[in-house]
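Peer 1: following is a predicted model, sequence given first.
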Amino acid sequence: MTPPISRTRADFIAYMGQALEAKGLSPIAGRMLGLLIFDGAPRSFSDLATELGVSRGSISANARHLLARGAIVKQNRPGDRQDYFCVAEQSLDQILTELIARMTETSEAVRGFAEALPSDEGARRRLCGLADFYAAMAGGVTQALQRLGMRR
């Protein structure tokens, strides 16, 4: 790799560690995902541990979290006892469609709670505001999908 690509790669991997840590995952999970995204090829436990400078046990624990979230997939190779990991090939369309569904579901559930309250109740106004927020976010993501020429 040329030095600029190598530096950009290292910076991206470090950034992903920080970004996923801010979302509640470990920085190692973020760095692992960043490496897999940047390189685009399946990597073994050993490769990941060596590249990231962490133990195989740490890779194993973080791989389980990423597998459970659908961010990565495990692959096996004939005659090779190692597991390999790569980024899951979920399309952006699928990820955003699932996000829209979750936001819509949350909006509807919160609105149901709000409607169970008297109309002059302050909690009802706050819950309706939260329901409107989730509905607006779902609408915005739907518009983004349409603007990008994706399904929906």
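Peer 2: Good, I have the coordinates.

Peer 1: for the residue of the chain most remote from its centre, helix, strand, or coil?
Peer 2: What lies farthest from the middle of the chain is Asp120; by C-alpha atoms, centre = their mean that is 39.5 Å. Here Asp120 is recorded as coil under DSSP: H, G, I helix; E, B strand; the rest coil.

Peer 1: domain ranges for this structure?
Peer 2: The chain resolves into domains spanning 3-87, 92-147 when parsed by automatic domain parsing.

Peer 1: can you add mean pLDDT and give these back as JSON lines?
Peer 2: As requested, the domains of the chain are exported to JSON lines (pLDDT from 0 to 100):
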{"stretch": "domain 3-87", "mean pLDDT": "92"}
{"stretch": "domain 92-147", "mean pLDDT": "93"}
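
Peer 1: quick one: the helices in the protein?
Peer 2: 3-22, 27-39, 45-52, 56-68, 92-115, 122-147 (DSSP state H).

Peer 1: to Cys86, which of those helices lies closest?
Peer 2: Of all the helices of the chain, it is helix 27-39 that lies closest to Cys86, at 5.9 Å by C-beta to C-beta. For the C-beta atoms, the positions are set from N, CA and C on the backbone; glycine is no exception.

Peer 1: what's the single longest strand in the chain?
Peer 2: strand 80-87 (DSSP state E).
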